[in-house]
Structures are given as structure tokens and as C-alpha cells.
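J.: Take a look and give me a structure for this.
(2 chains)
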Amino acid sequence: MTAPEEFMVRTDNVHKSYGHVEVLRGIDLTVERGSVCVVLGPSGSGKSTLLRCMNHLEKIDSGRIWVDGRLIGYRQKGDKLYELKDKEVAAQRRDIGMVFQRFNLFPHMCALENVIEAPTQVKGQSKADARRRGMELLDRVGLADKAGNYPAQLSGGQQQRVAIARALAMDPKLMLFDEPTSALDPELVGDVLDAMKDLARDGMTMVVVTHEIGFAREVGDQLIFMDGGVVVESGHPREVLANPQHPRTRDFLSKVL
Amino acid sequence: MTEPTPSATPLPRQAEPIKAIPVRHPGRWVAIAVIAVLVAMFVHMLLTNSAFEWQFMVENMFKPPVLRGLLGTVSITVLSMIIGVLLGVVIAVARLSENPVLRGVSWVYTWFFRAVPRYVLLIVMGNLGILWPRLEFGVPFDTYLGRLFGIEDANWRLFGFTTRELLSGFLVGVLGLALSEAAYMAEIVRAGMLSVDPGQGEAATALGMSRGRAMRRVVLPQAMRVIIPPTGNETIAMLKDTSLLIAVPVTAELFFQLSAIGSRTYLIFPMYVAAIIWYLFLVSILLVGQYFLERRFSRGHGRTGAAKLKLEGLAAEHGVNPELP
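T.: Next up is the predicted model:
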């Protein structure tokens, strides 16, 4: 076994159940620093749950998850595990950005306020510094002119790009994307994917749950196909997409391609 | 993108506005006639029934003790609402916390104060002096502890008050109403916080905010829209419930003062009418305030509000950035 420090993300035999339903049934996974890992799979396969376990939005039942070499949600002393306090979990999450399917922008704040909220409140950045950096980030996702708009005044694609800028404002080491384009009108998907590609080119480590096969092929370094709570197949996206080995993967790809 | 063809935009055609005979509503006219007769009967009674003693009422409803009572009613309403809202928020947050002890305590609190009628609560609080003639602070269970160590009559008290001195009628009244109000406000605040999309709290904590900060900065401000309208109703109810303070008793209160004049002069009914007029006046002022408050907090929300904001945004977009999609 390799040491967890070598990877940005490593999961070791992760299990998670909701009541009687076992959603994750032993996930082993590694994501290299600076790489893009795309997670594919039918709905209910546990891909979103896996993502939410990586920043401890969901507690896992067994196994281990390390991000940047740090055990997520727990501290290990000898062979005993200690739960982390709310504040310590919050500190771990600062390094992990997350983008949600439903954007989840704060509706009572304008775009720029959304972006600078966490840096000023959590990191204690000065308002002036945070605004300068916030405007840079909004400019980067092509929305500098929308800084004063409220989420209700933005299209879905614009909201999602603000959400990306908001996550980036914390300077995360890892970005998690939970079906970032699934709630968008088809003509708005492109802008969001472009922002994500731009991020990947800059060397951001990303784990992306998506149905965008084109994105996986173009940007992904690693593709994971999940079904029924296990990783059915993984490998380089171009190889897996061109030549799927497992019948479930073949079946799924034949339906979405 | 396909090339737009020159003939693609058809010209709008002229149209004749619809001129139709509206539906008739004979039922409305019948209702108007019935109501007019009833109103005429009511006004006739007001003017001819001598038991109203209008002149006596007007002379007495602005007397200094009544005006002091009015001030008491307003200040008790304001004070007990402020305490009630603050305590209610604390209890609601405790109710939704992950700490099982806080959850249990806040549940018991709301259970107790919602189960006991306000009038009964105020009577009981007014008679606390029977239970404790003196209130003293010190080591709990001191006599028992003392006996445990062989000391008879241990009395480890720091300071104390005579209950009647500490708890004036005014204070008991404010406390009783506030404690009871806090239980209702806790339920209102809790409902408001639960109405906020759970994704909001998730997004805030995913950014590295602690649960408390996420609550304060993200969830509570959005819950305000749901919390404000029922809080207005609670304030109106509180204003009216100050008339229950007669149970404590609190004397610096509107209804007490008006009935006192009535009992003294044996003209009780005109003073009750005066009370109705005063309460109508005070509640009307609150209703105006509530209207503006609700309008302020529902901005950009609901179907029409959100649509309006979106349209404003679109208009601004076309004005500033015509090349955008």
C-alpha cells in the first residue's frame, strides 16, 4: 500500500449506508495531485455520496478518506479513532472547494458578496483584499460585470460560475464538482464547462461527478465508473470510453453516448 | 448557430380590443342591501342608547391615569416582545442543535410554556411570594450538605431579597408574558430556519464555516422572511394579552385603569367601550407597521418577486450588455 501523502485524495474501503440501503460498498480510490478524476455512473450508484464523504458532509460508516495526506473527519492515535470537533472539520473543509448541482448561492447576497463571504468571515481577510481577489475570480469566470447582481438576477449558468468563483476564493487544494451542469439549460452548459476546463489547465486537482462524456474525454486524467456502490471500472477516460471492459459500463455508455 | 434568414421576424398585426358585456352579479346587490340595513340599525343603537354615556366616556378616556396605563401597556408589550424574541431565537437554535441536552431542555421549555395558559401563568407568577417569601442565593442543598459533614443548620447563603421587593408587578408581568412568548417565538423561528433550503447550510459549511456561523450568516437572514409576518401577529396578540395582567396584578396598564374608573363611578360599560377604542387604535398602528415590514422582507422572493427581479436584471443586461445571450 502506498502512503496517503502521495495523493491528493485517497479512499480506503469506504462504506456508507442510509438506513438499510448500502450506498457505498467498499470504495478504493486515488487521485493524483493536479489531475482530473471524472466519476460516471447511473443515478443511485453512489457517486454524489462519495463526493460528499470527501469533505465530510456525509459521515462514512467504515474505511478511511485522506485529502492531501490528512485523514478526513477523524484523528488517529495508535489504532484509536477520535471524531474531530465541528471547528476542526470546518478547518479541513477550507482546503476543499465544492460546487453543487443546484448552485446553492446565498440569495440574500450579490455575486461579489457571495464570493467574499467565506474569505472575510472564515479566513479573516480584509474586505478590500477579498473584494480585489473576488473581482479577479469573477473576471476569470467571465462575470466581472455581474458582481453586483443578486443570484435571482442571474441565469443558471452564470450562477454556477459564481459558485465556482466562490469556491476558488478560499484557495482550495481540491475542487469537488457534484453534477455541476445537470440543472442547466443545454445552451448554458458550455460556459460552465469552459470555466472548469480553464481550472484543470491551471493544474487544479478536481473530482467531477458528471454526465458530460465529452468533458471526461477532453479533460479527464482518470475515469471511474460506479454502479451499485462499487467502482466497476476505472482507467484513462479515452481508453475506458473507447473500449469499456465491463458489461455494465458498456450498457451505460451505449445509453448516454 | 444557424444564419438568421431575412424573413424570419414577422411583423406584429393590429388587433381590435375586446368589448364584451360583463357578467351580472345580482347577489352582490342583495348583500349590499342587507348590510346597509344592519349598519343603519347598529348606528341608530349607538346614537340612541343612553347606556353608552358618550360624553362621560370621552371625558374619562384621556385622564392622566389612563394615559399612564396606555404607556404601561405599550412598554410592557415592547419589553416582553424583545425578551420573548431573543429568548425564542436562542431556544430555536438549541432545538435544532446537535447537542441532545440542549435539544431536550428546549423541548421541555416549549412544552411547558405552551401548555400553561397565559392567564394562569400570570396568576401563578404573581403569587410566587407564597412559595418563596425570600429569594436567596448561595450553595444549593446547603442544609443537607452541612448535615453530611456533621454541621447542624448550615446556612451558606450569599445574598437574598424579599420576593415582593424584587418582583414588582411590572417585572412579573413582563417576565410572565416574555417567558410564554419565547415558547411561541421559538416555534416560529424554528419553522423559519427549517424553511431554508438545506443546501444553503451545506454550501456554507462546505466553504469552511462552522455550524454556528453558517446559521448566523446564511440561514437566519433567509429565515427572516418566514419569521417576520407571524412575529407581527404575535406582537398584536401580545398587545391585547397585556389586558390579562390584571391577574398579577399590574396596575400601570390600560385595561386595569379603565375598569378602575368604571367600577368607581358605576358606569362600567362606557369604560369597556373606551378600552375597545384604545385597542383598535393601537392595533391599527401595528398593522400599518406590519404591512411595511412584510413588504420590505419579501423583496425578491416568491413567484412574482423573483420574476420581477429577474426582469429587472434582464432589462439591465440589455441596457448594458446587448451582445449577451
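J.: Would you double-check that A:Thr249 falls in a strand?
T.: No - secondary structure assignment (DSSP: H, G, I helix; E, B strand; the rest coil) places A:Thr249 in helix, not in a strand.
J.: Quick check: the gap between A:Met98 and chain B.
T.: According to CB to the nearest CB, to the nearest Å, A:Met98 stands 4 Å off from chain B. C-beta: built from backbone N, CA, C; applies to glycine.
J.: For beta bridges, what are the partners of that residue?
T.: Beta-bridge pairing of A:Met98 under DSSP bridges involves A:Leu176.
J.: what about it, how many residues close to it?
T.: Residues lying near A:Met98 (other CB atoms under 10 Å in any protein chain shown) number 26.
J.: give the contact list for the most centrally placed residue in chain B.
T.: Among the residues of chain B, B:Glu234 comes closest to the average C-alpha position under CA atoms, centre = their mean, at 2.3 Å. Counting by CB atoms under 8 Å, 6 or more residues apart in numbering or on different chains, B:Glu234 touches B:Met81, B:Gly84, B:Glu181, B:Tyr184, B:Met185, B:Ile188.
J.: part of a helix, is the first one?
T.: Yes - assigned with three-state DSSP, B:Met81 falls within a helix.
J.: what's around it, how many residues?
T.: Per other CB under 10 Å, the neighbour tally for B:Met81 reads 20.
J.: got a pLDDT number for it?
T.: For B:Met81, the pLDDT comes out at 96.
J.: and it, what does it touch?
T.: Applying CB under 8 Å, 6+ apart to B:Met81 gives the contacts B:Ala178, B:Glu181, B:Glu234, B:Thr235, B:Met238.
J.: Check which residues of the helix or strand where the first one lies are buried.
T.: In the assignment (DSSP states H and E), B:Ala178 maps to helix B:169-194. By neighbour count, and taking 16 or more other CB atoms under 10 Å in any protein chain shown as the criterion, the buried residues in helix B:169-194 are B:169-170, B:172-190, B:192-193.
J.: Could you show which parts of chain A are in contact with chain B?
T.: Within reach of chain B by CB under 8 Å from any CB of the partner chain, chain A has these residues: A:55, A:57, A:86-87, A:90-91, A:93-94, A:96-98, A:100, A:102, A:104-108, A:117-118, A:121-122, A:145, A:149-150, A:152-154, A:163, A:166-167, A:170, A:187.
J.: So what's the residue count around the closest residue to A:Val31 other than its chain neighbours?
T.: Spatial nearest neighbour of A:Val31, excluding adjacent residues (CB to CB, 6 or more residues apart in numbering or on different chains): A:Val9 at 4.0 Å. Neighbour count for A:Val9, taken as other CB under 10 Å: 23.
J.: So what sits opposite A:Val9 in the bridge?
T.: Going by DSSP bridges, A:Val9 forms beta bridges with A:Val31, A:Val67.
J.: need the helices for the stretch 51-200 of chain B, in chain order.
T.: With DSSP state H, counting those that start in this stretch, the ranges of helices along the stretch 51-200 of chain B come out as B:54-60, B:64-95, B:100-115, B:118-126, B:128-131, B:142-148, B:163-166, B:169-194, B:198-206.
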